[in-house]
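>>> I would like the atomic coordinates for the input below:
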Amino acid sequence: MVTKNSLILANLLVLLSTPLLAQTPAAAPVNSNETKPAANAEQKPAEAKTSSEGGSEQKSPENPLAAESNLSDKKKSGKTTKEPMQLGKKNADAPKPMERSEAIKRANAFFNSSPVMTADFVQIGGDGKRSEGKLYVQRAGRVRFEYAQPATMEVVADGVQVAVRDRKLATQDLYFISQTPLKFLMKEKIDLEKDVTVQDVATDDSGITIFIEDKATFGGTSHVRLIFDPKTFKLKQWQVKDPQGYETLISLFNIDQTKTPDAELFKISK
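As a prediction, the model looks like this:
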């Protein structure tokens, strides 16, 4: 069974695409508690573990399996809605193939273009469950995922740590951002060609997809798909497959790169 915390952590972390602290040691703990590897990692992620009396315990993040589906925008009554669409499907209106170098150049330009972003997000988890919420981003590395009800979780990154909170249970777990498979998007200036191995660039109805491999991830090699709108080249989806083989798919809608989020949104209570 996939845990709530592992499902949410997988969600976090392309939006650390705003610059973050450069590569901190992956295994260094936040507090005196020793980081323990997940049990039975080859079969399923370990159950999230919280400390007693509402405290926090440092752990390495896990990423769950996500459906091999895609989501597309549909304008209705002036508001963006989300509908499933099939990955890889092609038709006469499909965007023209883009050269590898041009796709990487435009992806870098997007990631480095703005220090702020707000967006609505949709998450498809390993159990097929769909969750929605609001995303706030501000460099360097500050991110907040607010899940809509009935979910009780929220994720906050303050530039150094990631906190996964359960509002109902009043618990908080801490993780190192540098342990995530998307840490290459945390640098002051992002250059995909230099920071990771770009395996391929593909074009279909879902957009321009950049396939990335990161062998420096805590626990092994991770694979990431970054999916961009072919017209605006804004990031609209990402999918992460972690070293245990778990995947998660996140889609972004109603992206706004002009609003500066309130700094209070990114504070983590110790």
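>>> okay, strands next: where are they in this protein?
58-59, 70-76, 79-85, 116-124, 130-138, 142-147, 153-158, 161-166, 171-176, 197-204, 207-214, 222-228, 235-241, 247-256 (DSSP state E).
>>> mind putting those in TSV, mean pLDDT, mean neighbour count and distance to residue 106 included?
The way it works is simple: take the backbone N, C-alpha and C, and place the C-beta from them, glycine included. Shown next, in TSV, are the strands of the chain (pLDDT from 0 to 100; neighbours: other C-beta atoms under 10 Å; distance: least, C-beta to C-beta, whole Å):
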stretch	mean pLDDT	mean neighbour count	distance to residue 106
strand 58-59	44	23	36
strand 70-76	40	15	19
strand 79-85	48	12	22
strand 116-124	92	20	17
strand 130-138	91	20	19
strand 142-147	90	23	23
strand 153-158	89	21	25
strand 161-166	89	21	28
strand 171-176	89	22	30
strand 197-204	93	16	11
strand 207-214	92	21	8
strand 222-228	91	23	7
strand 235-241	89	24	11
strand 247-256	90	20	15
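>>> turn those into TSV, including distance to residue 268.
Shown next, in TSV, are those (distance: least, C-beta to C-beta, whole Å):
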stretch	distance to residue 268
strand 58-59	13
strand 70-76	30
strand 79-85	30
strand 116-124	19
strand 130-138	14
strand 142-147	10
strand 153-158	5
strand 161-166	5
strand 171-176	8
strand 197-204	32
strand 207-214	25
strand 222-228	24
strand 235-241	23
strand 247-256	22
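>>> which among those is found nearest to residue 191?
strand 197-204 (10.5 Å; C-beta to C-beta).
>>> the closest one pairs with which strands?
Applying DSSP bridges to the sheet, strand 197-204 is found paired with strand 207-214 (antiparallel).
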